[in-house]
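Peer 1: this one's structure only:
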């Protein structure tokens, strides 16, 4: 059973790998080379789908200095159609909806093959920014332009830790058409369980089926990557920060920590009949971190019931 | 190797079970009966030691209504000498030092056999109360009256979650003579790891050996017991509260949760060379909860390297 069916019937247990498209300054041949290297690296994993991120400049959200400079990247939809032509499996394309006009989004939604492509809609990063399309508008546009297209949303356990209402946001997104949710990188397993638990009980109380929640994991091989994770708003528990700061091999230590977190969350979800998926990404573009993230995806994937 | 040696050389991996003495209104024969029933229940566990709590009225600490009324209990030192005479293994006696005069405490310290008894000194529950002896005075008295007596202190991960300085309190207690620390009941494994991690790194930085930290676990068979845990200041993560509230058998569910938490913390400590012990208690005095706590101690104990 493929990704689209596993989302549509909420059976979950699928494996995704997320890729950030190359910088927008990357010329055609080089973009193609990057695409082919990436696919060659990922093919042995037997992924259920590829995730393509849509990077927005989030400096409006966080006044602290960005550990890595913001560099615009190729549009994931363009990268898919122009460079990832040899990838025939499903793709989950992120849409930072504030970057696009309603007409652009509507056209894109209409053109997608819903048996192969799904979209994750992400609202503007900050209430200060002026989005060209709001999340609510984008959700309505997708439903109108391509009713069969599976649309997902983001789930942020960190927001639940601060405000206790992220499960209500998920329910509202679900009412607006979201069929699955993808988290930020998870380092705080407790926060993830709290969100999943509150969401599930709320679904149960209103008698609606729960949508699969896709947990994202990564590795972290350096202090700079860790700083970047924090800048992105990811809660890294103090003990994990201490472990990574003191490890002789932080990359390997983070690999083991991510694997333990994934194993814990998988057992948690299965015990409670909670549908879930797994997404792995490499936050860094260092070769060794990418290879370790791929190894992590392989290890976690072997434990999924696919 | 016995408990006292495992504390003294910080090898850890010991199993304790904590008992609250009967109410102070309990007459002699009845107190003896309770003592014998308790020991009969605990003997099959092959404990490394028995912990005797010293209950203080903590209503000054928490203005919210106490879910169970406060009822004074027999002095643990008296309960030990008068009713637990058939228990020959080591005993860890709590001393809520604010309840006693310096003379009373000094005499008690002097009388203890340090090859069998150790003491956990607990300071006054609230800064409003007027302790008869302060924690610092009690620590000094113990060192003077009986230098060989192993003295421990309490470790509160919840305080670390709020103030980030509990590891510094542990170091200060260690400077004042504490050789081990006992936590409150642990439901928030992440908070416990954060404290242990910060404490260990601080020990490493100042070149001092880390003292064993004893993690306390319990079961929770009812909403009332859960409310009482919260009243005591124990952080119960939201997902655990949800699980217990919805479980068809909350006692069994809490047993599995406590076992998973203990297994996680044991692996965490061993991987990092952190000395630890395990303490199990029954917060409730319902027979079925006590039996389940005993079963929990047996299960965890089987995994310790004793």
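Peer 2: Yes, it's here. The shown structure was predicted, so the numbers you read here are calculated from the model rather than taken from an experiment.

Peer 1: so residue A:275 makes contact with residue A:214?
Peer 2: No - assessed by Cβ atoms under 8 Å, residue A:275 is found out of contact with residue A:214, at 9.8 Å. For glycine as for every other residue, the C-beta is placed from the backbone atoms N, C-alpha and C.

Peer 1: whatever residue of the stretch 1-150 of chain A ends up closest to chain B: neighbouring residues, count only.
Peer 2: Chain B sits closest to residue A:12 of the stretch 1-150 of chain A, with a gap of 18.2 Å, by Cβ to the nearest Cβ. Residue A:12 has 22 neighbouring residues, counting by other Cβ atoms under 10 Å in any protein chain shown.

Peer 1: show the contacting residues for the nearest residue to it once chain neighbours are set aside.
Peer 2: Leaving aside its chain neighbours, residue A:12 sits nearest to residue A:275 (3.5 Å; criterion: Cβ to Cβ, 6 or more residues apart in numbering or on different chains). By Cβ atoms under 8 Å, 6 or more residues apart in numbering or on different chains, the contact set of residue A:275 is A:10, A:11, A:12, A:13, A:210, A:211, A:212, A:213, A:269.

Peer 1: and the first one, how close does it get to residue B:201?
Peer 2: Same thing as residue A:10. Distance of residue A:10 to residue B:201, given as Cβ to Cβ, to the nearest Å: 43 Å.

Peer 1: who has more neighbours, the two?
Peer 2: In terms of neighbours (other Cβ under 10 Å), residue B:201 is the more surrounded of residue A:10 and residue B:201; the figures are 18 against 15.

Peer 1: was I right to think the more buried one contacts residue A:242?
Peer 2: Yes - if you go by Cβ under 8 Å, residue B:201 and residue A:242 touch, sitting 5.5 Å apart.

Peer 1: pull the number of nearby residues for residue A:221.
Peer 2: Neighbour count of residue A:221, defined by other Cβ under 10 Å: 24.

Peer 1: which residues does it contact?
Peer 2: Contacts here follow Cβ under 8 Å, 6+ apart; on that basis residue A:221 touches A:250, A:251, A:254, A:284, A:286, A:288, A:289, A:292.

Peer 1: just the pLDDT for the residue lying closest to it once chain neighbours are set aside.
Peer 2: Nearest residue to residue A:221 in three dimensions, chain neighbours excluded: residue A:251, at 3.5 Å (Cβ to Cβ, 6+ apart). At residue A:251, the model reports a pLDDT of 97.

Peer 1: equivalent analysis for residue A:152, please.
Peer 2: Here, the pLDDT recorded for residue A:152 equals 98.

Peer 1: could you list the paired strands of the helix or strand where it lies along with their orientation?
Peer 2: Using DSSP states H and E, residue A:152 maps to strand A:150-155. Sheet pairing of strand A:150-155 (DSSP bridges) gives strand A:117-122 (parallel), strand A:178-185 (parallel).

Peer 1: what helices or strands is whichever helix or strand comes after it leaning on?
Peer 2: Next in sequence after strand A:150-155, counting helices and strands by DSSP H and E, comes helix A:157-163. With contacts taken as 3 or more Cβ pairs under 8 Å, 6 or more residues apart in numbering or on different chains; DSSP states H and E, helix A:157-163 sits against helix A:166-175, strand A:178-185, helix A:189-206.

Peer 1: how does it look with 6 Å?
Peer 2: Packing partners of helix A:157-163 (3 or more Cβ pairs under 6 Å, 6 or more residues apart in numbering or on different chains; DSSP states H and E): helix A:189-206.

Peer 1: give me the contact list for the helix it packs on.
Peer 2: Identification of contacts with helix A:189-206 by Cβ atoms under 6 Å, 6 or more residues apart in numbering or on different chains yields A:157, A:160-161, A:166-167, A:170-171, A:186, A:210, A:213, A:261, A:264, A:268, A:274, B:190, B:237-239, B:242.

Peer 1: and what of stretch A:225-234?
Peer 2: Against stretch A:225-234 from outside (Cβ under 6 Å, 6+ apart): A:67, A:68, A:158, A:184, A:185, A:220, A:283, A:284.

Peer 1: that one: which residues count as buried?
Peer 2: For stretch A:225-234, the neighbour count (16 or more other Cβ atoms under 10 Å in any protein chain shown) marks A:225, A:226, A:227, A:228, A:229, A:230, A:231, A:232, A:234 as buried.

Peer 1: what's the closest of those to residue B:36?
Peer 2: residue A:234 (54.6 Å; Cβ to Cβ).

Peer 1: checking that closest one next. Helix, strand or coil?
Peer 2: Under DSSP: H, G, I helix; E, B strand; the rest coil, residue A:234 falls in the coil class.

Peer 1: need the per-residue pLDDT for it.
Peer 2: You'll see residue A:234 listed with a pLDDT of 95.

Peer 1: distance of it from chain B?
Peer 2: According to Cβ to the nearest Cβ, to the nearest Å, residue A:234 and chain B sit 15 Å apart.

Peer 1: could you list the low-confidence segments of the stretch 1-150 of chain A?
Peer 2: A:59-61, A:126-129 (pLDDT under 70).

Peer 1: can you give me the helices in it?
Peer 2: In the stretch 1-150 of chain A, the segments counted as helices under DSSP state H, counting those that start in this stretch are A:3-8, A:28-42, A:76-83, A:102-111, A:135-145.

Peer 1: mind giving me the packing neighbours of the last one?
Peer 2: The helices and strands touching helix A:135-145, judged by 3+ Cβ pairs under 6 Å, 6+ apart, are helix A:102-111.

Peer 1: run the angle between the helix it packs on and strand A:150-155 for me.
Peer 2: Relative orientation of helix A:102-111 versus strand A:150-155 (axes from the mean of the first three to the mean of the last three Cα atoms, to 10 degrees): 120 degrees.

Peer 1: give the buried residues for helix A:102-111.
Peer 2: Quick answer for helix A:102-111 (16+ other Cβ under 10 Å): A:104, A:105, A:106, A:108, A:109.

Peer 1: what's the burial count for the nearest residue to the last one once chain neighbours are set aside?
Peer 2: Looking back up the chat, that one is residue A:109. Nearest residue to residue A:109 in three dimensions, chain neighbours excluded: residue A:145, at 4.0 Å (Cβ to Cβ, 6+ apart). Using other Cβ under 10 Å, residue A:145 has 16 other residues around it.

Peer 1: again, but for residue A:25
Peer 2: Look at residue A:25: counted by other Cβ under 10 Å, it has 10 neighbours.

Peer 1: for the residue lying closest to residue A:71 once chain neighbours are set aside, name its beta-bridge partners.
Peer 2: Leaving out its chain neighbours, the residue that sits closest to residue A:71 by Cβ to Cβ, 6+ apart is residue A:23, at 5.0 Å. Note on residue A:23: beta-bridge partners residue A:73, judged by DSSP bridges.

Peer 1: around chain B, pick out the residues from chain A.
Peer 2: Residues of chain A lying near chain B by Cβ under 6 Å from any Cβ of the partner chain: A:190, A:193, A:194, A:197, A:201, A:237, A:238, A:239, A:242.

Peer 1: distance to residue B:79 added to those residues, as TSV?
Peer 2: Converted to TSV, the residues of chain A next to chain B look like this (distance: Cβ to Cβ, whole Å):
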residue	distance to residue B:79
A:190	38
A:193	40
A:194	40
A:197	40
A:201	43
A:237	40
A:238	39
A:239	38
A:242	41
